[in-house]
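Participant: Take this sequence and fold it.
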Amino acid sequence: MARRERVVRMSVEQPLWRALTAYRVLTMVYAVLLAVFGRERYDRPWVAVVFLTVLAVWTLASLPKVSGAVACTKRFLVVDLTLALAGILLTPLADFEAQSVDGPTLPSIWTAGSVLAFALKGGWRWAAFASTLVAVVNIVERGDPSRDTFHNVLLVWVASIAIGYVVEVARASERTLARALEIEAATRERERLARDIHDGVLQVLAMVQRRGTALGGEAAELGRLAGEQEIALRTLVTSGLVPATRVSEDAAEGAVVRSVEVDDEPSGPAVCDLRTLLAPHAGSRITFAEPGAPVLLAPATAAELAAAVGAALDNVRVHAGENAQAWILVEDWPDEVVVTVRDDGPGIPEGRLAQAEGEGRMGVALSIRGRLRDLGGTAELVSVPGQGTEVELKVPKVSRGKAGSAG
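Facilitator: Numbering: from 1, shown residues only. Reported below is the predicted structural model:
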């Protein structure tokens, strides 16, 4: 059974929350050590002991709350900031000379962590609100604030607002990236659907139009209607109005012709022999040359490559004539698989492909080149008027596209 990998996209701000978690723990330890080594300055040491005990318990108990924006609730932020402000205001009660001597407060630089939590949660406006409250309380606590006091509160105020702004920009960028990825995915789905339409419905409508015109009478009218519907459908596909559809992985896996084990490992990823998908094309006018050993690719990769070969053969039948001879050559190289489709038709006049794309005929652009691009491969078309056309399709063994890989 094929392995399924799940890609989990981490938020760009998650590292900031991790840094905040570490900051709160380290600054809590710093505040405790600062009080221990400076205990002789406290007139009421029990105030410092009670507050720092509460601060340590709160910091450790609230670690899950600062693990991300979802866990960090408004109620937590209010309680956290209240604790920091209370610690600042309690400093003069523990140290009578705190207002006259420009020393550290009880929470010390732990207070900045509370302000930064506001910045990460709500952006620069929330940060400005919290840092302004801290600045006011610090000035009130000092009574006669010094230049260092104003310098410290201004530093916290500017830093928190800057970080809050960076967080808002990061969130906006993440939303833009997510939207771009959605648009890209929808575009690829639309192109895939357009290829399927071209390989099926459009080919049938074109055949009905040609046969109806050749038969004449009522069949000619039927051919004319089929031609009108072909033009309308091509316009719909190329205009991007065909809605993107999500193809389930289970449905894609159900299309696997057969799978074999790699390196005799029963639990290895499912792979498909490309030869089994291309062999049915062989006939009186199509020669199929294959290696003697299985050509193993991921099932989805093999299916898309086979569909591109089918589209190339459809072009041979339509443009080179029913009597044209075609050859399919499969080459299995260590790092890539190369499939060449060649015919002996009249070739493609110079500029014809660009003209066809301009008219909405996207066979080569979507059914061939689009498929190979999605697989991380390339499609090269070489045509000389009067000497036929050759289409070379290359797919890496480890596909970089969405179709997956064999290993």
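
Participant: ok, how many other residues are close to residue 70?
Facilitator: Residue 70: 7 surrounding residues under other Cβ atoms under 10 Å. In this view, the C-beta of every residue, glycine as well, is placed from N, C-alpha and C.

Participant: For residue 109, give me its contacts.
Facilitator: 27, 30, 31 (Cβ atoms under 8 Å, 6 or more residues apart in numbering).

Participant: ok, residue 390 touching residue 340?
Facilitator: Yes: using Cβ atoms under 8 Å, residue 390 is in contact with residue 340, at 6.4 Å.

Participant: By mean pLDDT, point me to the weakest helix or strand of this structure.
Facilitator: helix 249-254 (a mean of 38; mean pLDDT, DSSP states H and E).

Participant: quick one: strands adjacent to the helix or strand just after that one?
Facilitator: Once helix 249-254 ends, the next helix or strand along the chain (criterion: DSSP states H and E) is strand 272-273. Looking at strand 272-273 with DSSP bridges, its partner strands are strand 296-297 (antiparallel).

Participant: From the contact counts, what lies against the very next helix or strand once past the partner strand?
Facilitator: Using DSSP H and E, the helix or strand that follows strand 296-297 towards the C-terminus is helix 299-315. When contacts are defined as 3 or more Cβ pairs under 8 Å, 6 or more residues apart in numbering; DSSP states H and E, helix 299-315 packs onto helix 249-254, strand 272-273, helix 274-278, strand 326-332, strand 336-343, helix 371-374, strand 389-396.

Participant: Can you name the residues bridging to the residue nearest to residue 296 when sequence neighbours are not counted?
Facilitator: Ranked by Cβ to Cβ, 6 or more residues apart in numbering and with sequence neighbours excluded, the top spatial neighbour of residue 296 is residue 271, at 4.4 Å. Residue 271 has these beta-bridge partners by DSSP bridges: residue 260.

Participant: can I assume residue 271 is in contact with residue 300?
Facilitator: No: contact criterion Cβ under 8 Å: residue 271 and residue 300 do not qualify, at 10.7 Å.

Participant: Can you check which residues contact both of these two?
Facilitator: Between them, residue 271 and residue 300 share no contacting residue, judged by Cβ under 8 Å, 6+ apart.

Participant: Okay, now the unreliable bits of the protein?
Facilitator: Low-confidence segments of the chain (pLDDT under 70): 1-12, 96, 98-102, 143-146, 148-149, 190-203, 230-269, 349-367, 398-407.

Participant: mind redoing it with 50?
Facilitator: Within the chain, the set of residues satisfying pLDDT under 50 comprises 1-9, 240-268, 360-363, 365, 399-407.

Participant: so where do the helices sit in it?
Facilitator: 14-37, 45-61, 74-94, 110-122, 124-142, 147-197, 203-215, 218-238, 249-254, 274-278, 299-315, 352-358, 371-374 (DSSP state H).

Participant: Save those as JSON lines, and put in distance to residue 68 too.
Facilitator: Below are the helices of the chain laid out as JSON lines (distance: least, Cβ to Cβ, whole Å):
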{"stretch": "helix 14-37", "distance to residue 68": "5"}
{"stretch": "helix 45-61", "distance to residue 68": "17"}
{"stretch": "helix 74-94", "distance to residue 68": "12"}
{"stretch": "helix 110-122", "distance to residue 68": "9"}
{"stretch": "helix 124-142", "distance to residue 68": "16"}
{"stretch": "helix 147-197", "distance to residue 68": "12"}
{"stretch": "helix 203-215", "distance to residue 68": "52"}
{"stretch": "helix 218-238", "distance to residue 68": "43"}
{"stretch": "helix 249-254", "distance to residue 68": "30"}
{"stretch": "helix 274-278", "distance to residue 68": "46"}
{"stretch": "helix 299-315", "distance to residue 68": "35"}
{"stretch": "helix 352-358", "distance to residue 68": "48"}
{"stretch": "helix 371-374", "distance to residue 68": "35"}
